[in-house]
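Asker: pasting the structure only:
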């Protein structure tokens, strides 16, 4: 692969292939060089011209920076580098309406995917987050879901569902399977315990409820 | 944007087909419940298939809503079945101790449609036989 092809491939991730090609051609002609054979001394100029082109099409500073870093790596090493996307290890989703339930479970799926969970485990964890978020929306009104990657004792994910409501009355009864609400909460909390590797619930009428669960890979 | 998402109900001869291909929020599925009731009343179908192959997550609330749709339809005299349950969702539902009790499920839309129309055509043959015997009875009288 020629340097120009490498560069085009990187740019393609940010601006699409058509714009990528025109940036590559434009940068080469602006520096007056042959894009098929670029000598190391020409790299800084070429890189500057490419970055200017990127800035015209990419608005977010983060992505501009990421793109520039990759371009430099490509041109200096001559090989295509994998995309740099640091995996998120911690995230909080405020939950106060039903759309937030969807948001929370989507973030969970993405995070579980990044952590290397299998497809079936991703579905399980996302379902649990959906249950916990829904309990908050239905019974308390607002609260938050915290997602955090854990490394010990094994790699996995910890989910904390926290609210300042009036607590779950008779939580032991709910967890024993005796109780079944019309909306299915009994099944939800009980199911959560069944699906997760660790399950802990602290609830009080004054401090609210804090459900902490973990799923390991 | 997601508030506006609305699941279409398609009529195919005597069958209503609903295929859920969007991210299911509570309001979307509640609206669907109402829409299906209305469509059944207006169109008088013999059967209803709810295809959930596009759904990624089904928690206890959504599974209950889907089951309700099936039971409501049946109460209105319509054969209602579910098709296309993702295997990962099926495993999750069972492990959580939930299922779609009371509603028939099929592997995919085609299987559901075939099963229903097999049953419906058999029912039609039965009707015809009954009509004939009624006629005979009338002649004899």
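Answerer: Done, it's in. Note that this is a predicted model, so its numbers are computed, not measured. Numbers count the residues shown, from 1 in each chain, chains lettered A, B, ... in the order given.
Asker: which residues touch residue A:131?
Answerer: A:188, A:189, A:191, A:192, B:59, B:60, B:61 (Cβ atoms under 8 Å, 6 or more residues apart in numbering or on different chains). All C-beta spots, glycine's among them, are computed from the backbone N, C-alpha and C.
Asker: could you dump those to a markdown table with secondary structure and pLDDT?
Answerer: Listed next are these as a markdown table, based on DSSP: H, G, I helix; E, B strand; the rest coil; pLDDT from 0 to 100:
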| residue | secondary structure | pLDDT |
| --- | --- | --- |
| A:188 | helix | 79 |
| A:189 | helix | 85 |
| A:191 | helix | 87 |
| A:192 | helix | 91 |
| B:59 | coil | 90 |
| B:60 | helix | 87 |
| B:61 | helix | 87 |
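Asker: low pLDDT regions in chain A?
Answerer: A:1, A:78-87, A:179-186 (pLDDT under 70).
Asker: quick one: residue B:29 and chain A, what's the gap?
Answerer: 10 Å (Cβ to the nearest Cβ, to the nearest Å).
Asker: contact partners of stretch A:29-49?
Answerer: Contacts of stretch A:29-49 (Cβ under 8 Å, 6+ apart): A:2-4, A:24-28, A:68, A:71-72, A:75-76.
Asker: could you do stretch B:74-87 as well?
Answerer: Taking Cβ under 8 Å, 6+ apart as the rule, stretch B:74-87 contacts A:120, A:123, B:16, B:19, B:37, B:40-41, B:45-56, B:58, B:66, B:69-71, B:73, B:100, B:103-109, B:111-112, B:115-116, B:119-120.
Asker: what's the burial count for the residue in chain A that chain B sits nearest to?
Answerer: Closest residue of chain A to chain B, Cβ to the nearest Cβ: residue A:191 (3.0 Å). By other Cβ atoms under 10 Å in any protein chain shown, the residues close to residue A:191 number 23.
Asker: contacts only, for the residue nearest to it when sequence neighbours are not counted.
Answerer: In this structure, residue A:191 finds its nearest non-sequential neighbour in residue B:96, 3.0 Å apart by Cβ to Cβ, 6 or more residues apart in numbering or on different chains. By Cβ under 8 Å, 6+ apart, the contact list for residue B:96 reads A:127, A:187, A:190, A:191, A:192, A:194, A:195, B:60.
Asker: out of the contacts of residue A:131, grab the one that's most surrounded.
Answerer: Going by other Cβ under 10 Å, residue B:59 tops the contacts of residue A:131 with 29 neighbours.
Asker: ok, it touching residue A:135?
Answerer: No - using Cβ atoms under 8 Å, residue B:59 makes no contact with residue A:135, being 10.3 Å away.
Asker: quickly list what's touching both of the two.
Answerer: In terms of Cβ under 8 Å, 6+ apart, residue B:59 and residue A:135 are both contacted by the residues residue A:188.
Asker: returning to that earlier point: which of the contacts of stretch B:74-87 are buried?
Answerer: A:123, B:16, B:19, B:40, B:45-52, B:55-56, B:58, B:66, B:69-70, B:73, B:100, B:103, B:105-106, B:109, B:112, B:115-116, B:120 (16 or more other Cβ atoms under 10 Å in any protein chain shown).
Asker: elements contacting the host helix or strand of residue A:172?
Answerer: Under the criterion of DSSP states H and E, residue A:172 resides in helix A:171-176. The contact analysis (3 or more Cβ pairs under 8 Å, 6 or more residues apart in numbering or on different chains; DSSP states H and E) places helix A:171-176 against helix A:185-195, strand A:198-204.
Asker: okay, the angle between the last one and helix A:185-195?
Answerer: Using axes from the mean of the first three to the mean of the last three Cα atoms, to 10 degrees, the interaxial angle of strand A:198-204 with respect to helix A:185-195 works out to 140 degrees.
Asker: partners of strand A:198-204, with directions?
Answerer: strand A:208-216 (antiparallel) (DSSP bridges).
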